[in-house]
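Enquirer: Below are the sequence and a predicted model for it; my questions follow.
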Amino acid sequence: SQQGEEDPQALSIQEGENATMNCSYKTSINNLQWYRQNSGRGLVHLILIRSNEREKHSGRLRVTLDTSKKSSSLLITASRAADTASYFCATAATGANSKLTFGKGITLSVRP
Amino acid sequence: SAVISQKPSRDICQRGTSLTIQCQVDSQVTMMFWYRQQPGQSLTLIATANQGSEATYESGFVIDKFPISRPNLTFSTLTVSNMSPEDSSIYLCSVVDRRRETQYFGPGTRLLVL
């Protein structure tokens, strides 16, 4: 069963705009990770946020985590056409021995 | 970060046949995983490949259909047995770096079963 549920399922924005994607989950977690996938290829790891962290930054990426609401958001600032991809959140549940449970994914289209 | 390669990158197979997918990592890792991604879907964990012992399968996946080998800390194989068109998917291996908790994925094997 899938733990992470992202929304929106699809997002279309203009180049230069910011893109915000949300993820909700159900159980207690050790960490939450965001991945990008281009056209059905392998997953590229973007960022990991631990359960005791509230916010992390990496370049144009900003991730927040609210464990009380069991939700996370991924913000991509100043988007580029190359950011067009599918984005997945994945949770490592407490005691799950590093196994990840993936959400359904968000399709982001950045129009040039 | 770990560098992971998979072979083959893609294949087209006839139903009833089997395909073995290889996953090679450039460093020794304790934990390796195999995932399936059906067309237009998210990733689902098939099993955890344990070095020196049998793989641990998730609900809905069985060893007879998806036998896994893990002969050492840098290599694993997943076999998709007696394939049917429903097995058409991308199969991905991954490893986790315990120090960083991050899970890295291979490029995937795209399988089409006719």
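Expert: Happy to help now that I have it. Numbers count the residues shown, from 1 in each chain, chains lettered A, B, ... in the order given.
Enquirer: Give me the helices and strands touching the strand ranked longest in chain B, please.
Expert: Longest strand in chain B by number of residues (criterion: DSSP state E): strand B:89-97. Secondary-structure packing of strand B:89-97 (3 or more Cβ pairs under 8 Å, 6 or more residues apart in numbering or on different chains; DSSP states H and E): strand B:4-7, strand B:19-25, strand B:31-37, strand B:43-49, strand B:75-80, strand B:102-105, strand B:109-113. C-beta here means a position set from N, CA and C on the backbone, and glycine is covered the same way.
Enquirer: List the buried residues for stretch B:3-17?
Expert: Within stretch B:3-17, the residues that count as buried by 16 or more other Cβ atoms under 10 Å in any protein chain shown are B:4, B:6, B:13.
Enquirer: Would you confirm that A:Phe88 contacts A:Gly105?
Expert: Yes - in this structure A:Phe88 lies within contact range of A:Gly105 using Cβ atoms under 8 Å: 4.7 Å.
Enquirer: okay, and the common contacts of these two?
Expert: A:6, A:37, B:42 (Cβ atoms under 8 Å, 6 or more residues apart in numbering or on different chains).
Enquirer: want to throw the residues you listed into TSV with neighbour count?
Expert: Formatted as TSV, the shared contacts of A:Phe88 and A:Gly105 follow (neighbours: other Cβ atoms under 10 Å in any protein chain shown):
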residue	neighbour count
A:Glu6	26
A:Gln37	22
B:Ser42	20
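Enquirer: So among those residues, where is pLDDT lowest?
Expert: Among these, A:Glu6 carries the weakest pLDDT, at 77.
Enquirer: And it, how far from chain B?
Expert: A:Glu6 is 9 Å from chain B, where distance means Cβ to the nearest Cβ, to the nearest Å.
Enquirer: Return the residues in contact with the spatially most central residue of chain B.
Expert: Taking Cα atoms, centre = their mean, the centroid of chain B lies closest to B:Trp34, which sits 3.4 Å from it. By Cβ under 8 Å, 6+ apart, B:Trp34 lies in contact with B:23, B:45-47, B:49, B:66, B:68, B:76, B:78, B:91-94.
Enquirer: and if you look at B:Gln6?
Expert: Shown in contact with B:Gln6 (Cβ under 8 Å, 6+ apart): B:21-24, B:91-93, B:106-109.
Enquirer: Spit out the contact partners of the closest residue to B:Glu58 other than its chain neighbours.
Expert: Spatial nearest neighbour of B:Glu58, chain neighbours left out: B:Leu45 (5.0 Å); criterion: Cβ to Cβ, 6 or more residues apart in numbering or on different chains. Applying Cβ under 8 Å, 6+ apart to B:Leu45 gives the contacts A:99-101, B:33-35, B:58.
Enquirer: Dig out what the residue nearest to the centre of chain B forms beta bridges with.
Expert: Beta-bridge partners of B:Trp34, counted by DSSP bridges, are B:Ala47, B:Cys93.
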